[in-house]
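Visitor: Pasted the sequence and its predicted model underneath.
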Amino acid sequence: MSEKFQNFINGEWKYSDSGEFSENRNPANWKEDLIGLFPKSTVKDVKEAVQSAKKAFEKWRLVPAPKRGDVLKVVGDLMTERKNEIAFEMTREMGKVNAETKGDTQEGIDTAYYAASEGRRLFGMNAPSELNNKMNLSFRMPVGVAGIITPWNFPMAIPTWKIFPALVCGNTVVFKPAELTPKTANTLIHIIDTAMKEVLGKDYIPGVVNLVHGSGRVVGEAFLADKDINLISFTGSTEVGKRINEVGGRELKRVSLELGGKNAQIVMPDANMDLALDAVLWGAFGTTGQRCTATSRLILHKDIYDMFVTRLTEKTSKLRLGYGNNENVDVGPCVSEQQRETVEYYVNVGLNEDKAKLCCGGKRAEDGDLAKGWFFKPTIFIEVTPEMRIAKEEIFGPVLSVIKCRDLDDAIKILNNTEYGLSSSIFTNNVNDAFKAVRDIQAGITYINGATIGAEAHMPFGGVKATGNGHREGGWTVYDFYTEWKAVYIDYSGKLQRAQIDNY
Ligand code: NAD
């Protein structure tokens, strides 16, 4: 019998009202490795979770912020103790290699310690008054109940980027993880609840964090419909993000969106070629290309194009595919059958519609044990032009499109020729070209001589154009999203001093 997992509502682990479950399977061995059964939750489950979060908010907002930070400190300690186990199980449920799932977990740990310390800052601002004997202050206040909706590609890091700052600011949380990665979500919520009990003791407040598993269509939509959810933080596809923004706009919910990407790496002729090659291999095929910051376009200067393509093809064909918890594996499977079908669809678009040239991969990988999973060979298209679909649309798999450019201006123009604007990179040893790229590239993140992937937890994270709606996660910037400003005027003159009256 496989283990049946539960939701977490109002401080209790409980089954969904539906009594139904969906399977969570290992994408590297989907027939033989059933990880567990997770609740298919209902609108009623969401309502119960939201009401418990609403009630808990009245107490949690009054817990001093440094103490809320102490909870996050213990969360960081518990995650550190369990890092290897979390990473092993995460690889099992979504496929990326163990070093990457350890990195995903470490990002959560770093975010926990950052949030813990923020409990002792959460700085407000003071400004002078325009009147005598009067003081002006402004404070950060929590917003209320935070609805958190996340994708499967960073099952630990992305939820922590949202939940930890939400909590330290005094908000309560209802969390809906991706259907493909429910187990990591259960572990995270279990850790947060353990830390709450340890720090708050007899003052423990049930309902500060709630977990509701299920589909976007039912559970996600119930978040949008619930008037008691005050803000929604969403990471996922641009299509779903637009829907959330529409409903959020109508209902005046605060909405933060982190959406798709079509990131590019530029290589100029003066660059260190070994470095640029290693970076593109890591950026394009790490996490099997299923990162929002993945390098899906490579823009090569014409003078190095042929040499670079030859060396890249050779290195790519040597990448070792397999189950990510085994030794010596470079690339894991696609996360699901559907994701592999999307990759196959785009390979067909590249070949038949765009008429680009395939120089590597382009097929399922089915030798030996690879036949048990959703593996796809790392794929490179060359002779790609900026207007082709494979140069413009997000594929979210191990597929790289290589485009030739004439010079730096042409490279930047090609890079910007996409509806998205998340990450970007340029390899050059010319300092003037590097700074010009920083100024002119339209993206939330630009790397000089580094791969497009690999954000640091204390830096702003997010994109421009169709990648988001202007908010940033990570570092200090995310705290603006989870707080409201309260302006306070203190008049100690003993008389009625009138502002907004012309005293001049
Ligand atoms: P997705 O949009 O299909 O799903 C994301 C989450 O939204 C899931 O939990 C899903 O159940 C939920 N959802 C689906 N329909 C919903 C609805 N109608 N209402 C509310 N919630 C709904 O995305 P995915 O396939 O899980 O993830 C891949 C996408 O995420 C890619 O486009 C990728 O670029 C993007 N992504 C972006 C970032 C970033 O920071 N910019 C990071 C990671 C992934």
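Guide: Structure received.

Visitor: Now name the helix or strand holding the residue most central in space within the chain.
Guide: The structure's the chain has its C-alpha centroid closest to residue 158; by Cα atoms, centre = their mean the separation is 4.2 Å. In this assignment (DSSP states H and E), residue 158 forms part of helix 157-168.

Visitor: and if you look at residue 245?
Guide: Using DSSP H and E, residue 245 sits in helix 238-251.

Visitor: What helices and strands are in contact with that helix?
Guide: Helix 238-251 sits against helix 221-225, strand 231-235, strand 254-258, with contacts defined as 3 or more Cβ pairs under 8 Å, 6 or more residues apart in numbering; DSSP states H and E. No exception for glycine: its C-beta is placed from N, CA and C like everyone else's.

Visitor: how about the ones you listed in TSV, adding distance to residue 38?
Guide: Output for the helices and strands packed on helix 238-251, formatted as TSV (distance: least, Cβ to Cβ, whole Å):
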stretch	distance to residue 38
helix 221-225	17
strand 231-235	20
strand 254-258	24
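
Visitor: wait, isn't the residue nearest to the centre of the chain in contact with residue 151?
Guide: Yes - judged on Cβ atoms under 8 Å, residue 158 makes contact with residue 151 at a distance of 6.7 Å.

Visitor: Can you pull the residues that touch both of those two?
Guide: Residues touching both residue 158 and residue 151 (Cβ atoms under 8 Å, 6 or more residues apart in numbering): residue 235.

Visitor: can you pull out the helices in the stretch 1-150 of the chain?
Guide: In the stretch 1-150 of the chain, the segments counted as helices under DSSP state H, counting those that start in this stretch are 43-60, 65-81, 83-94, 98-118.

Visitor: Next: the stretch 351-500 of the chain.
Guide: Using DSSP H, counting those that start in this stretch, helices in the stretch 351-500 of the chain cover 389-392, 408-416, 431-440, 478-481.

Visitor: Quick check: residues of the stretch 351-500 of the chain near the ligand?
Guide: By the rule Cβ under 6 Å from any ligand atom, the part of the stretch 351-500 of the chain lying against the ligand is 394, 396, 422, 463, 467.

Visitor: Of the residues you listed, which is the most crowded?
Guide: Across those, neighbour numbers were computed from other Cβ atoms under 10 Å; residue 422 holds the maximum, 29 neighbours.

Visitor: what pLDDT, on average, does the helix or strand containing residue 339 get?
Guide: Assigned by DSSP H and E, residue 339 belongs to helix 337-348. Helix 337-348 comes out with an average pLDDT of 98.

Visitor: who does it touch, helix- and strand-wise?
Guide: Helices and strands touching helix 337-348, by 3+ Cβ pairs under 8 Å, 6+ apart, are strand 399-405.

Visitor: run the last query once more with 10 Å
Guide: strand 379-384, helix 389-392, strand 399-405 (3 or more Cβ pairs under 10 Å, 6 or more residues apart in numbering; DSSP states H and E).

Visitor: Mean pLDDT and mean neighbour count for those - can I get that in a markdown table?
Guide: Shown next, in a markdown table, are these (pLDDT from 0 to 100; neighbours: other Cβ atoms under 10 Å):
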| stretch | mean pLDDT | mean neighbour count |
| --- | --- | --- |
| strand 379-384 | 98 | 24 |
| helix 389-392 | 98 | 20 |
| strand 399-405 | 98 | 25 |
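
Visitor: can you tell me which of these comes nearest to residue 133?
Guide: helix 389-392 (61.4 Å; Cβ to Cβ).

Visitor: residues in contact with the closest one?
Guide: Helix 389-392 has contacts (Cβ atoms under 10 Å, 6 or more residues apart in numbering) with 262, 264, 296-297, 299, 346-347, 349-351, 353-354, 356, 379, 381, 384-386, 395, 399-403, 414, 417-420.

Visitor: ok, of the residues you listed, which come out buried?
Guide: Neighbour-count burial (16 or more other Cβ atoms under 10 Å) applied to the contacts of helix 389-392 gives 262, 264, 296-297, 299, 346-347, 349-350, 354, 356, 379, 381, 384, 386, 395, 399-403, 414, 417-418, 420.

Visitor: picking that back up, farthest-separated two in the residues of the stretch 351-500 of the chain next to the ligand?
Guide: Between all members of these, the farthest pair (by Cβ to Cβ) comes out as 396 and 463, at 15.0 Å.

Visitor: how about the residues of this protein near the ligand?
Guide: Checking the chain against the ligand by Cβ under 6 Å from any ligand atom, the hits are 149-154, 176, 178-179, 215-216, 220-221, 224, 235-237, 240, 243-244, 258-261, 292, 394, 396, 422, 463, 467.

Visitor: Could I get the contacting residues of residue 493?
Guide: By Cβ under 10 Å, 6+ apart, residue 493 lies in contact with 131-134.

Visitor: in the helix holding residue 245, what counts as buried?
Guide: The neighbour-count check on helix 238-251 (16+ other Cβ under 10 Å) flags 238, 240-241, 243-245, 248 as buried.

Visitor: follow-up on the earlier one: who wins for proximity to residue 111 among the helices of the stretch 351-500 of the chain?
Guide: Closest approach to residue 111 among the helices of the stretch 351-500 of the chain is made by helix 478-481 (9.3 Å; Cβ to Cβ).

Visitor: And for that closest one, what's in contact with it?
Guide: Contacts to helix 478-481, defined as Cβ under 10 Å, 6+ apart, come from residues 111, 114-115, 118, 121-123, 140, 143, 146, 161-162, 164-166, 168-169, 231, 233, 254-256, 460-462, 471-473.

Visitor: let's see it at 6 Å
Guide: Contact with helix 478-481 is made by 165, 256, 471, as judged by Cβ atoms under 6 Å, 6 or more residues apart in numbering.

Visitor: Using CSV, write out every CA atom in it.
Guide: Listed next in CSV are the C-alpha coordinates belonging to helix 478-481 (Å, rounded to 0.1, in the frame of the first residue of the first chain):
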residue,chain,number,x,y,z
VAL,A,478,10.5,41.1,-1.4
TYR,A,479,9.7,42.8,1.9
ASP,A,480,7.9,45.6,0.1
PHE,A,481,5.4,43.1,-1.3
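
Visitor: Next one: the residue of the stretch 51-200 of the chain at minimum distance from the ligand from residue 184, what distance?
Guide: In the stretch 51-200 of the chain, the residue that lies nearest the ligand is residue 151 (3.2 Å; Cβ to the nearest ligand atom). Per Cβ to Cβ, to the nearest Å, residue 151 is found 12 Å from residue 184.
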